[in-house]
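Participant: sharing a sequence plus its predicted fold:
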Amino acid sequence: MKKKLTKFISCVLVLALLLPMAAFANGENQYEYEYEEQEATFVPLRLTAYELGAQVYWNEATRNIHLTLANGAYLILPLDEVGTIGGFVEDGVTWIPLEVALLLFAFQPDGLRIIALTEEAREYALEDFDYLMALILANSPWESVIYRRLGIELSEVIAVHRYVIYNMLPLQIIADLPEGIDWSREHTTPRDLAADYLFALLFGFFSAEIESIGHMSPVLPFLHRDMLVGNLRGYIAAGGEMDWDSDFGGNLFLQTFADERVLWFYGDDEIDFGVEGQGTDDPYNIEVAILVPDEVAFLRINSFLNNMELDDLIIYPFLQEVRDFNHLIIDLRGNGGGYVHHFNSLIASRLITEPLHTTGHEFFGSGELALEWVDFFLAAGGVLASVGAVTDMRELYAADFIAERGFPYINADDLAMLDYAIVWYATIHPADEPIGFDGKIWLLVDGGSASASAVITQAALTTGFATVVGENTSGVMGSMTSFVILPNTGIIFRIDIGYLTDAYGRSLEEYGIAPNIRNRAGLNALETVLELIAEGAY
């Protein structure tokens with residue numbers, strides 16, 4: 001029985017952000033609906049909020065609701081999240097289950113914490129926020145892309161969030177959201193308070209407002225530790241010495257992640273770090289199957305952030321087992337990325353017996369962070385060494401490069417932000433003892449294939465390593481990034497500063513990477529490949 005209630009008794013306590021709430025639809029008061037289906041009772045979210053004295057602002061451009069509650073708490077709620085709590089939108093009205101409303105409006109869950117700024121803490125938070133936003137606007141050439149994809153004026157959204165800080169609107173936080181931050185720790189100084197408050201605000205800003213555009217976000221705790229440990233391993237493997245007193249021998253990346261302010265915020269201590277492990281330890285990250293005996297093998301990688309040694313316990317023997325098969329299907333659908341060398345080291349380098357050569361290009365603006373990358377490439381003598389590849393880079397002015405290549409579909413609005421181009425040539429070398437594979441390799445991708453998965457997809461297309469099947473990849477590519485420390489709070493923020501295009505000039509952040517073969521009507525990528533194999537088309 002599904003019931004819609006037009007009245008909701010407002011003898012409740014305080015709205016607690018236990019689950020992602022639905023946003024509101026348009027401002028019309030259309031609440032007179034009554035019919036029966038399923039087994040649930042629903043209440044109109046907007047009316048319920050008004051009865052509780054909330055101030056509501058609907059942002060049509062971002063499809064988000066900005067809600068200031070009676071207790072002063074401030075929430076940003078995306079309309080697309082309504083389904084995550086069992087709700088729905090009908091005729092401009094957002095309905096949520098009664099049991100969810102009771103939970104949200106009447107109970108304080110364990111771990112709930114309200115963070116409210118003091119005036120001194122506000123100054124620290126504002127200073128860091130303004131510093132970060134100035135860097136983003138000056139260095140990330142995506143303002144037009146964000147507008148075209150999401151209908152968001154970045155400067156307007158920045159203004160809204162600055163308003164929240166300036167007016168010291170309280171934020172409600174659940175202890176394990178985002179995972180890894182110790183929200184129960186004491187705020188002994190105004191800087192401590194500003195750090196937790198600003199991280200919570202930035203996390204919501206860049207996950208809810210401009211989600212799926214690049215990597216721009218505060219670095220989460222598990223990524224901080226993983227990046228520090230992972231880069232320590234690479235640094236030591238290259239001959240560096242781990243010396244905390246000498247700032248890692250001048251390694252700027254490691255200095256960033258081991259900065260005193262950063263270690264405090266992320267709750268890490270340098271004496272805890274070793275170089276033995278890297279990544280999460282998910283025993284189910286790798287899935288393998290024999291779909292057709294002696295003919296078709298299947299390998300799925302859910303993430304490139306997992307412990308490589310753990311994953312290799314499954315990957316290496318499987319590749320040996322299927323080396324003489326006719327088809328190997330590698331599934332990267334839903335793989336949000338991680339480290340490209342995970343794929344190159346454990347899979348690609350073992351399957352090839354001759355080097356794979358690929359090329360690409362990336363544009364930059366003239367912001368401070370962008371020019372640091374350009375200067376870095378030039379100072380490196382045109383050669384940048386990385387795991388599994390040697391990359392040769394040369395600098396060009398963007399306008400000359402565009403004229404040289406043509407790029408008929410490059411967006412005119414973006415040209416004003418692009419000043420330099422870097423052309424790179426990379427080689428993936430076979431492993432010292434490759435397994436080899438003479439059959440057909442297929443790579444499955446979709447809109448959830450992002451970052452490292454998208455880089456791998458691009459390499460597969462340009463080298464012919466695999467036939468790519470599925471849907472366009474996500475708008476998150478492996479562009480050059482800078483990690484900046486916010487000066488007061490120690491939060492690390494990742495800013496993407498590169499602008500990537502396909503061979504026709506279309507922004508990969510806007511359109512993603514198109515596969516060789518799209519899914520057949522009514523079939524997913526795996527079904528499409530299996531049908532092609534059965535037809536003998538490949």
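Facilitator: Perfect, thanks for sending it. Numbers count the residues shown, from 1 in each chain.
Participant: residues in contact with residue 201?
Facilitator: Residue 201 is in contact with 125, 129, 161, 164, 165, 171, counting by Cβ atoms under 8 Å, 6 or more residues apart in numbering. The C-beta positions use only the backbone N, C-alpha and C, and glycine is treated the same way.
Participant: from those, which ones fall inside helices?
Facilitator: Judged by DSSP state H, the subset of those located in helices is 125, 129, 161, 164, 165.
Participant: picking up where we left off before, any idea which of the contacts of residue 201 has the most stuff around it?
Facilitator: In terms of neighbour count, residue 125 stands highest of those at 29 neighbours, by other Cβ atoms under 10 Å.
Participant: and that residue, how far from residue 452?
Facilitator: With distances taken as Cβ to Cβ, to the nearest Å, residue 125 is found 33 Å from residue 452.
Participant: quick one on the thing from earlier: could you work out the most separated pair of the contacts of residue 201?
Facilitator: Greatest spatial distance among the contacts of residue 201 (Cβ to Cβ): 129 and 171, at 13.5 Å.
Participant: how close does the nearest residue to residue 449 once chain neighbours are set aside sit to residue 150?
Facilitator: Among residues not flanking residue 449 along the chain, residue 473 sits closest, at 4.4 Å (Cβ to Cβ, 6 or more residues apart in numbering). For residue 473, the distance to residue 150 (Cβ to Cβ) stands at 18 Å.
Participant: quick one: which of those two has more around it?
Facilitator: residue 473 (30 against 18).
Participant: for the more buried one, what are its contacts?
Facilitator: By Cβ under 8 Å, 6+ apart, the contact list for residue 473 reads 445, 446, 447, 449, 450, 453, 454, 457, 512, 513.
Participant: let's go with 10 Å and repeat that
Facilitator: Residue 473 makes contacts with 332-333, 335, 445-451, 453-458, 508, 511-515, as judged by Cβ atoms under 10 Å, 6 or more residues apart in numbering.
Participant: any idea of the mean pLDDT in stretch 202-212?
Facilitator: In this model, stretch 202-212 carries a mean pLDDT of 69.
Participant: just stretch 412-421 next, same as before
Facilitator: Per-residue pLDDT over stretch 412-421 has a mean of 87.
Participant: start and end of that stretch, how far apart?
Facilitator: 16 Å (Cα to Cα, to the nearest Å).
Participant: for it, which outside residues touch it?
Facilitator: Under Cβ under 10 Å, 6+ apart, the answer for stretch 412-421 is 138-145, 147-148, 361-367, 370-371, 373-374, 377, 394-402, 404-405, 407, 410, 499, 501, 505, 507, 510.
Participant: select only the buried ones of those residues in ChimeraX?
Facilitator: To isolate the buried members of the contacts of stretch 412-421 in ChimeraX, using 16 or more other Cβ atoms under 10 Å:
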select :138,139,140,141,142,143,144,145,361,362,363,364,365,367,370,371,373,374,377,396,398,401,402,405,407,410,499,501,505,507,510
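Participant: from residue 351, how far out is the residue lying closest to residue 335 once chain neighbours are set aside?
Facilitator: Once flanking residues are discounted, residue 335 sits nearest to residue 453: 4.4 Å by Cβ to Cβ, 6+ apart. Separation of residue 453 from residue 351 (Cβ to Cβ) stands at 17 Å.
Participant: neighbour-wise, which of those two wins?
Facilitator: Counted by other Cβ under 10 Å, residue 453 and residue 351 do not tie: residue 453 has more neighbours, with 31 against 22.
Participant: residues in contact with that one?
Facilitator: Applying Cβ under 10 Å, 6+ apart to residue 453 gives the contacts 301, 303-304, 332-338, 340, 343, 443, 445-446, 473-474, 476-478, 513.
Participant: re earlier: now, among the ones in helices among the contacts of residue 201, which is nearest to residue 42?
Facilitator: residue 164 (30.1 Å).
Participant: and the closest residue to residue 357 other than its chain neighbours, which of the three is it?
Facilitator: Spatial nearest neighbour of residue 357, excluding adjacent residues (Cβ to Cβ, 6+ apart): residue 427 at 5.3 Å. Counting by DSSP: H, G, I helix; E, B strand; the rest coil, the backbone at residue 427 sits in strand.
Participant: sweet, I'm off.
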